[in-house]
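> Curious how this folds, go ahead:
(one chain, ligands or ions: 1)
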Amino acid sequence: MSVIGKPLLFSYWRSSCSWRVRIALNLKEIPYDIKPVSLIKNGGEQHSNEYREINPMEHVPALQIDGHTLIESCSIMHYLEETRPQRALMPQDVYKRAKVREICDLICTGVQPLQNLVVLIYVGEEKKREWAQHWITRGFRAVEKLLSSTAGKYCVGDEITLADCCLIPQVFSARRFQVDLRPFPIILRVDRELENHPAFRAAHPSSQPDCPPEATK
Ligand SMILES: O=C(O)/C=C\C(=O)CC(=O)CC(=O)O
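Residues are numbered from 1 along each chain as shown. This next block holds a predicted model:
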C-alpha cells in the first residue's frame, strides 16, 4: 500500500455499500483507484485469504488511504468527512447531523444487511425476492416518514449529505428486487433529484470498471 499514492477502494460494481463510498469520494473530489473484488467469481474473492487480511468481515468496501486500511462504509465516509472537510457531507446544525445519522443507520443497519449476498444465499433462491421486498418495504416506510420532516431538495434540507449517499444505492437495490416504490413519493423525488448528478452517475454500478457489459445501460 502506498502512503502517498491515491486512495485505493476495494469495490464491487453492484455492492450498495461500495457505491456509498464511491459517491462520497466523488462528491469530495478525491481522486482514487478501484480494485474490483468480485463477490461471485470462484465463490467470492472477498473470502480469499488475501482479502481477509484487508477486511476480516469479508465484505466490500475497504479503503486504503493515508497509510491506513479502513472498512465499513459509514465509518469510511465519516473518516473522509473528518479528514477532507471540503464539500461537507454533514450539516453544521447538531440536530440535523443527528437526523442524517438516523437515516444512515436505518438504511445501513436496518435495511441493507438483510439483502446482503450472504443473507440471500442463506434465505435461498426461491424466497429471496419476497424476503428482500419485505424488508426493504418495511425500512422504506420508516425512511419515508423520517423524510417527511427532514427533506428539502435532498434527504435533510437542501444540501447533499451522507444520508443521500446511503439512500440512492438502496433505491437501486429496491428496484432490482422489484419493490413497489409508489408509496414512497419523497424517496422517489430525492432519487430523481440525484440520478443525474455527476458524482452519483460516476459512482453508479453501470459506470464501474467491473460492471459486466450486459448490465451497462
Ligand atoms: O448479486 C450480485 O451481483 C452480488 C452481490 C451484490 O449485488 C451486492 C449485495 O450483496 C447487495 C448490496 O450490496 O446491497
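
> what about the nearest residue to Gly152 once chain neighbours are set aside, distance to Leu8?
Spatially, and ignoring its direct neighbours in sequence, Gly152 is nearest to Asp158 (4.1 Å; C-beta to C-beta, 6 or more residues apart in numbering). Yep, even glycine has a C-beta here, placed from its N, CA and C like the rest. From Asp158 across to Leu8, the span is 33 Å (C-beta to C-beta, to the nearest Å).

> So which of those two has more stuff around it?
Leu8 (18 against 8; other C-beta atoms under 10 Å).

> Just want the phi and psi numbers for Gln64.
phi -100, psi 120 (degrees, to the nearest 10).

> near the ligand, which residues of this structure show up?
The interface of the chain toward the ligand, taken as C-beta under 6 Å from any ligand atom, is made up of 14-17, 39-40, 112, 115-117, 173.

> Reformat those into TSV and put pLDDT and secondary structure next to each item.
Rendered in TSV, the data for the residues of the chain next to the ligand read as follows (pLDDT from 0 to 100; DSSP: H, G, I helix; E, B strand; the rest coil):
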residue	pLDDT	secondary structure
Arg14	96	coil
Ser15	97	coil
Ser16	97	helix
Cys17	98	helix
Leu39	96	coil
Ile40	94	coil
Gln112	97	helix
Gln115	94	helix
Asn116	93	coil
Leu117	92	helix
Ser173	97	helix
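
> Now, of these, which are buried?
The neighbour count (16 or more other C-beta atoms under 10 Å) marks 14-17, 39, 112, 115, 173 as buried among the residues of the chain next to the ligand.

> pull the CA atoms of the host helix or strand of Ser18 into CSV?
Following DSSP states H and E, one finds Ser18 within helix 16-27. The C-alpha trace of helix 16-27 is given here as CSV (Å, rounded to 0.1, in the frame of the first residue of the first chain):
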residue,chain,number,x,y,z
SER,A,16,-24.6,-0.7,-2.5
CYS,A,17,-22.1,-0.3,0.4
SER,A,18,-19.2,0.2,-2.1
TRP,A,19,-21.4,2.6,-4.0
ARG,A,20,-22.0,4.8,-0.9
VAL,A,21,-18.3,5.3,-0.5
ARG,A,22,-17.8,6.0,-4.3
ILE,A,23,-20.4,8.7,-4.1
ALA,A,24,-18.7,10.4,-1.0
LEU,A,25,-15.3,10.2,-2.7
ASN,A,26,-16.7,11.7,-5.9
LEU,A,27,-18.6,14.5,-4.1
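
> Any idea how far it is from the middle of the chain?
How far helix 16-27 lies from its chain's middle: 6 Å, per C-alpha atoms, centre = their mean, to the nearest Å.

> Looking at the residues of the chain next to the ligand, which two lie furthest apart in space?
For the residues of the chain next to the ligand, with distances taken as C-beta to C-beta, the pair at the greatest spread is Ile40 and Gln112 (17.9 Å).

> all strands in the protein, in order from the N-terminus.
Remark: strands assigned in the chain by DSSP state E are 8-11, 33-36, 62-65, 68-71.

> The first one pairs with which strands, parallel or anti?
Strand 8-11 has the following strand partners under DSSP bridges: strand 33-36 (parallel), strand 62-65 (antiparallel).

> what's next to the last one, contact-wise?
Spelled out, that is strand 62-65. Identification of contacts with strand 62-65 by C-beta atoms under 8 Å, 6 or more residues apart in numbering yields 1, 7-10, 21, 32, 54-55, 69-71, 76, 79.
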